[in-house]
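Visitor: structure for this input, please:
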Amino acid sequence: MSTANRIEPQHDQVPAESPTVPAPAEAVYLAWLWRTLCSGDGTSAVCVKCGEVRRFHRVSGRRAYACDRCGAHVHPTRGTLLEGSKLRLAVWFRAVPLVLSTGSELSTVRLADELGVTQRTAARIKRTLLTAVAEGGPDAGLVERMWRDGPRPGGTTCSPDAVLTTTQRSWSQESVSSPAMERITSAACRAFAERGVAATRVADIAREAGVSSAIIHYYFRSKDQVLLAALRWVSGRQAEHERAILAGEPDHMARVRTLVEMAVPRRQVLRDEYRLWLEMYLVGRHQPALLQECAVLSDRWRTFVERVIAEGTAAGVFHPVAPAAEIAHRLVNLFDGFGFRLVVDYSTTPYELAGRLTRRFVAEQLGLPSGAL
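Guide: Got it, this is the predicted structure:
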């Protein structure tokens, strides 16, 4: 949104009576909006009347800045969801993390208490913020920046978690459990696998899940948090599958055949999971939390393979050429290599070849006759 769109002849008078919210002075919030929306350096901006970059100063008692040369006013809230609001900016900045972090867990009554406003006002604030996020556009971007970078109680700028209570933090970071979160994370997995993480928007995930973008923001602060939840969801599914194999399949040879089937992702669901892993590993290089989850997932997969080998060896079915832990490392690296090549559709690695080479290598490592798998 251009600076020109925020210029108006009338002065936006700050109301004398507003709810009391412990926060930095109103000028701090206005200065943040000025710097974020109008002036990169906090002092200069384009004056439409002068037609040049000019220095500006704060207009006392108003939500406006004036050109030092001609006196033209620029209102940072002009054209945003904050325009015309009689509430202090502190209330809006306080409301953003509360509404977007907790969603349905935070009632209108609780929000009203937190902000020091009436329930009717709290409901309007909540509706305004969620609508802005759902519709996208400049207001959605502004809300995101208010959440991430805006001034916080105590006069500091900090991460959203700093303004949440312990209960709220634990809720927002909990593992996938509710049907709604299950639906969102499974849809996110499909969207990330199909489009790639970089090209996937929150709106794409919402469309895949059959919900609005606002619902996504009920549960997750950002796309990165959805990505982390998606990885944990895949990890949980894998853990369930592994437990089912160990508990429900006493035949050690059948277990190994299942391993080979999982390693050569012919079925679409396996292909999607491998694609998702690839995306996670790439993004995880720059996100410690995601990288840690990737490492946990990889280690659990290797531990499962090692257990299959160790139990088969103890039963006298396998005669591995090396300790189970070392064989597990070898097999997992082979599985990953073929699996990733297959899901990116390398023409030099057809499924038949990958399957044949994988079965042969596994048989050799476990001391099984050729063709046993």
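
Visitor: show me the shaky parts of the stretch 251-373 of the chain.
Guide: Along the stretch 251-373 of the chain, segments meeting pLDDT under 70 span 266-270, 346-347.

Visitor: I meant the stretch 101-250 of the chain, not that one.
Guide: Flagging of the stretch 101-250 of the chain using pLDDT under 70 yields the residue ranges 101-106, 136-137, 152-180, 218.

Visitor: would you map the strands across it?
Guide: Along the stretch 101-250 of the chain, counting by DSSP state E, counting those that start in this stretch, strands occupy 151-152, 156-157.

Visitor: which residues are in contact with the strand ranked longest in the chain?
Guide: In the chain, taking DSSP state E as the definition, the longest strand is strand 52-58. Residues from elsewhere that reach strand 52-58, judged by CB atoms under 8 Å, 6 or more residues apart in numbering: 27, 30-31, 39, 43-47, 64-70, 74. For the C-beta atoms, the positions are set from N, CA and C on the backbone; glycine is no exception.

Visitor: repeat that with 7 Å
Guide: Applying CB atoms under 7 Å, 6 or more residues apart in numbering, the external contacts of strand 52-58 come out as 27, 39, 43-47, 65-69, 74.

Visitor: so which bits of that strand are buried?
Guide: Of the residues in strand 52-58, those buried by neighbour count under the rule 16 or more other CB atoms under 10 Å are Arg54, Phe56.

Visitor: please name the strands paired to the following helix or strand past it in the sheet, noting orientation.
Guide: The helix or strand immediately downstream of strand 52-58 is strand 65-67, counting by DSSP states H and E. Strand 65-67 has these partner strands in its sheet, going by DSSP bridges: strand 52-58 (antiparallel), strand 73-74 (antiparallel).

Visitor: care to break this protein down by domain?
Guide: Following automatic domain parsing, one finds the domains of the chain at 3-74, 89-171, 179-219, 223-366.

Visitor: helices of the stretch 201-350 of the chain, residue ranges please.
Guide: All helices of the stretch 201-350 of the chain, identified by DSSP state H, counting those that start in this stretch, fall at 202-209, 213-219, 223-248, 252-263, 268-284, 288-314, 324-343.

Visitor: on that earlier part again, dump the C-alpha coordinates for the longest strand of the chain into PDB.
Guide: Taking C-alpha atoms only, strand 52-58 is exported to PDB below (Å, rounded to 0.1, in the frame of the first residue of the first chain):
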ATOM      1  CA  GLU A  52       9.900  14.500  -3.200                       C
ATOM      2  CA  VAL A  53      11.300  12.700  -0.200                       C
ATOM      3  CA  ARG A  54      11.000  14.900   2.800                       C
ATOM      4  CA  ARG A  55      11.700  14.600   6.500                       C
ATOM      5  CA  PHE A  56       8.600  14.300   8.700                       C
ATOM      6  CA  HIS A  57       7.800  14.900  12.300                       C
ATOM      7  CA  ARG A  58       5.100  13.500  14.600                       C
END
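
Visitor: need phi/psi at Arg63.
Guide: phi -90, psi 60 (degrees, to the nearest 10).

Visitor: name the nearest residue to Val197, sequence neighbours excluded.
Guide: Glu279 (4.7 Å; CB to CB, 6 or more residues apart in numbering).

Visitor: tell me how far the one you found lies from Leu227.
Guide: Glu279 sits 8 Å away from Leu227, going by CB to CB, to the nearest Å.

Visitor: more neighbours: which of those two?
Guide: Leu227 (27 against 21; other CB atoms under 10 Å).

Visitor: can you pull the contacts of the more buried one?
Guide: Phe192, Val197, Val283, Leu290.

Visitor: picking up where we left off before, now the domains of the chain as JSON lines including distance to Thr80?
Guide: Formatted as JSON lines, those follow (distance: least, CB to CB, whole Å):
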{"stretch": "domain 3-74", "distance to Thr80": "7"}
{"stretch": "domain 89-171", "distance to Thr80": "6"}
{"stretch": "domain 179-219", "distance to Thr80": "18"}
{"stretch": "domain 223-366", "distance to Thr80": "22"}
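
Visitor: and of those domains, who's closest to Leu82?
Guide: Leu82 lies closest to domain 89-171 among these, at 6.0 Å (CB to CB).

Visitor: show me what contacts Leu373?
Guide: Val256, Arg257, Val260, Arg359, Val362, Ala363.

Visitor: what's the neighbour count on the second one?
Guide: Other residues near Arg257 come to 16 when the count uses other CB under 10 Å.

Visitor: do the same with the last one
Guide: Residues lying near Ala363 (other CB under 10 Å) number 18.

Visitor: phi, psi of it?
Guide: Dihedral angles (degrees, to the nearest 10) for Ala363: phi -60, psi -40.

Visitor: ok, it - contacts?
Guide: Ala363 touches Ser370, Ala372, Leu373, counting by CB under 7 Å, 6+ apart.

Visitor: can I get those residues in CSV with distance to Gln119 and secondary structure?
Guide: Below are these laid out as CSV (distance: CB to CB, whole Å; DSSP: H, G, I helix; E, B strand; the rest coil):
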residue, distance to Gln119, secondary structure
Ser370, 75, coil
Ala372, 70, coil
Leu373, 66, coil
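
Visitor: of the residues you listed, closest to Gly51?
Guide: The nearest one, if we look at these relative to Gly51 and count by CB to CB, is Leu373, at 77.2 Å.

Visitor: any idea how far Leu297 lies from Met181?
Guide: Leu297 sits at a distance of 19 Å from Met181 (criterion: CB to CB).

Visitor: Trp34 is in contact with Ala66, isn't it?
Guide: No: counting by CB atoms under 7 Å, Trp34 does not reach Ala66; the two are 11.6 Å apart.

Visitor: what about these two, which has more around it?
Guide: Neighbour tally, Trp34 and Ala66, criterion other CB under 10 Å: the higher count belongs to Trp34, 24 against 19.

Visitor: A helix includes the more buried one, no?
Guide: Yes: checked against DSSP: H, G, I helix; E, B strand; the rest coil, Trp34 lies within a helix.
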